[in-house]
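# got a predicted structure here, sequence first:
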Amino acid sequence: MIFKLTKPSKEQKILGALILAALSIRIYFALDGSRFYFGEVVHTWKDTYTYLDSFKNWWHLGSYQFDLQEPDSRFFRPPGYPLFLGLFYLLTENYERIAALAQVLIDTASCLLSFLIVRKLTKSFNYSILGCAIYATYPFLIVWVPILYVEALIAHLTLLIIYISLGLGHKKWLSCLCLGALAGILFLTKQYMILLAIFPITFILLRNWRIKQKAFLIGALGFGLASILTPWILRNYIVSGELIISRGESTGIIYVGRDFEAFERFVNLFDQNVTPYRSAVAHEGTLQLSRHEEFVEKHKQAIDSASNLAYECGASFTSLRGVERNRVYEIDCTDEVISRFQDLTRLAWSELPLISLLQTRIEAVAKIFVGNIENDPRLSHRVLYAYRFIVLILGIAAIIFLLSKKDNELRSAALAFLCTWFALSALFALHFVHVEIRYMLIPDLLLILAAPYGVQFLGAYASSQNRELQ
């Protein structure tokens, strides 16, 4: 016989059962369970078309952009996820469901990766199973697995980066080359996820290795990153004559143009969620702000004038209202709308107290931990948000515990988790302000992986307190 079958151990049986349960949950949610969250069984959602149409227009018409009337949409969606979906589009007519099931398999593999990562950190099967179980049943990720969004794919790529980083062995340069390539693929899937490169860079810099070796490894990582990004940058130069890596998350969407961005920056000084204000301006030409009453009353004429102008001829607002595309361009006064809202933003910064201006940012930071729990009356959702909060606290406790360890590898891993989590959370809280819970999945994932160590830390602390009492 070439190989001999061996009876699986008890640990292998437990892990196998957990992975099978994770797969079953995801298959059920993909085939039927998603209706409990989305109201119906769906695989496409609001932004899915921007990924699919980017690929379809490239494949059929030779132009990689989701909106053929908007030149800037050539740069909106980097090609990572559109190519992933495009593979299934070419293979089968039922590509949406098949792609969703592929994401189910990818995320099930992520459950196994979470087990392997926690085992590297804790060297404990029990805590590794706990980490795998938290990931396998994490509801805020499961709901997005059957939807053709990037969340399941970037979660898997994130886990790969962490796993390879923690396992740098004899051929460290080759591992770093792969890490750079994975960071590049992450960027081409979701641009801001390039921040995941912080994890391996931090881990390498903090290890007890020679400076020359660290520099060489980071150079190898950079080379891997450049090898993936260069074709995209060259393509952008060929089609535009400019060196473009990224033009932002809303480039090419006509109803989220530069005038909307100026409007959003002003309204975000008053509220995290600009959606109802945008709708009111687009359909009624009115802007009713609920905070900083004295400022609003003092500058009411300027606010009303800017809002009415946006309603009349701001491209983002007229297109949102359904004005015909050609007419939007004919009456466009985007530059003037931008100027007026920028003036109002400068006035707010000069007249309002700093703490008042930062209030929405502070609320966004709070939402990182508690989500939308205060605005959601449903008990089931409140329970889920409470569960998420406990997991995050355990993850933070774990990082504190790991930082107290003398082991250089564990301390380096803890700081790598902390720096990456902080960078992503700061981006969402300070830049996006209106934080959707799905934005927080990758920061959550970093703390999920650390959470089992938090359980260990709290258990050790409780035992020591108990001994002292005795």
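That came through, no problem. Residues are numbered from 1 along each chain as shown.
# show me where the stretch 251-400 of the chain dips below the pLDDT cut-off.
For the stretch 251-400 of the chain, applying pLDDT under 70 flags the ranges 251, 368-380.
# do a quick rundown of the helices in the stretch 1-150 of the chain.
10-28, 35-38, 48-61, 80-91, 95-122, 125-136, 139-142 (DSSP state H, counting those that start in this stretch).
# minimum distance to Gly459: which of these has it?
helix 125-136 (10.0 Å; CB to CB). (C-beta placed from N, C-alpha, C; glycine too.)
# how far off helix 95-122 does that closest one point, in degrees?
Interaxial angle of helix 125-136 relative to helix 95-122 (axes from the mean of the first three to the mean of the last three CA atoms, to 10 degrees): 150 degrees.
# send the alpha carbons of helix 125-136 over as PDB?
Taking C-alpha atoms only, helix 125-136 is exported to PDB below (Å, rounded to 0.1, in the frame of the first residue of the first chain):
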ATOM      1  CA  PHE A 125      -6.400  22.800  21.100                       C
ATOM      2  CA  ASN A 126      -9.200  23.900  23.400                       C
ATOM      3  CA  TYR A 127      -8.600  27.600  22.800                       C
ATOM      4  CA  SER A 128      -8.100  27.000  19.100                       C
ATOM      5  CA  ILE A 129     -11.500  25.200  18.900                       C
ATOM      6  CA  LEU A 130     -13.000  28.200  20.800                       C
ATOM      7  CA  GLY A 131     -11.500  30.600  18.300                       C
ATOM      8  CA  CYS A 132     -12.800  28.500  15.400                       C
ATOM      9  CA  ALA A 133     -16.200  28.300  16.900                       C
ATOM     10  CA  ILE A 134     -16.500  32.100  17.400                       C
ATOM     11  CA  TYR A 135     -15.600  32.600  13.700                       C
ATOM     12  CA  ALA A 136     -17.800  29.800  12.500                       C
END
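# residues making contact with that helix?
11, 14-15, 18-19, 21-22, 25, 110-112, 114-119, 122, 141, 391, 445, 448-449, 451-453, 455-456 (CB atoms under 8 Å, 6 or more residues apart in numbering).
# buried ones in it?
Residues Phe125, Tyr127, Ser128, Ile129, Leu130, Gly131, Cys132, Ala133, Ile134, Tyr135, Ala136 are the ones in helix 125-136 that count as buried (16 or more other CB atoms under 10 Å).
# ok so, going back, derive a ChimeraX selection command for the buried subset of the contacts of helix 125-136.
Filtering the contacts of helix 125-136 down to the buried ones (16+ other CB under 10 Å) takes a single ChimeraX command:
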select :15,18,19,22,25,110,111,112,114,115,116,117,118,119,122,141,391,445,448,449,451,452,453,455,456
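# circling back: any idea which of the buried residues of helix 125-136 is closest to Gly39?
Nearest to Gly39 out of these is Ala136 (CB to CB; 25.0 Å).
# how about the helices in the stretch 201-350 of the chain?
Assigned by DSSP H, counting those that start in this stretch, the helices in the stretch 201-350 of the chain fall at 211-240, 258-267, 275-284, 293-298, 300-313, 315-321, 325-330, 334-351.
# got CSV for the ones you listed, with mean neighbour count too?
CSV is the format used below for the helices of the stretch 201-350 of the chain (neighbours: other CB atoms under 10 Å):
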stretch, mean neighbour count
helix 211-240, 16
helix 258-267, 22
helix 275-284, 17
helix 293-298, 12
helix 300-313, 18
helix 315-321, 23
helix 325-330, 14
helix 334-351, 17
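# so can I have a markdown table of those showing distance to His60?
Shown next, in a markdown table, are the helices of the stretch 201-350 of the chain (distance: least, CB to CB, whole Å):
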| stretch | distance to His60 |
| --- | --- |
| helix 211-240 | 17 |
| helix 258-267 | 30 |
| helix 275-284 | 32 |
| helix 293-298 | 50 |
| helix 300-313 | 34 |
| helix 315-321 | 25 |
| helix 325-330 | 21 |
| helix 334-351 | 31 |
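# quick check: which element contains Cys178?
helix 172-189 (DSSP states H and E).
# just how off-centre is that helix within its chain?
Relative to its parent chain, helix 172-189 has a centroid offset of 18 Å by CA atoms, centre = their mean, to the nearest Å.
# kindly report the same for stretch 312-329.
30 Å.
# contacts only, for Ile185.
Gly80, Leu157, Ile228.
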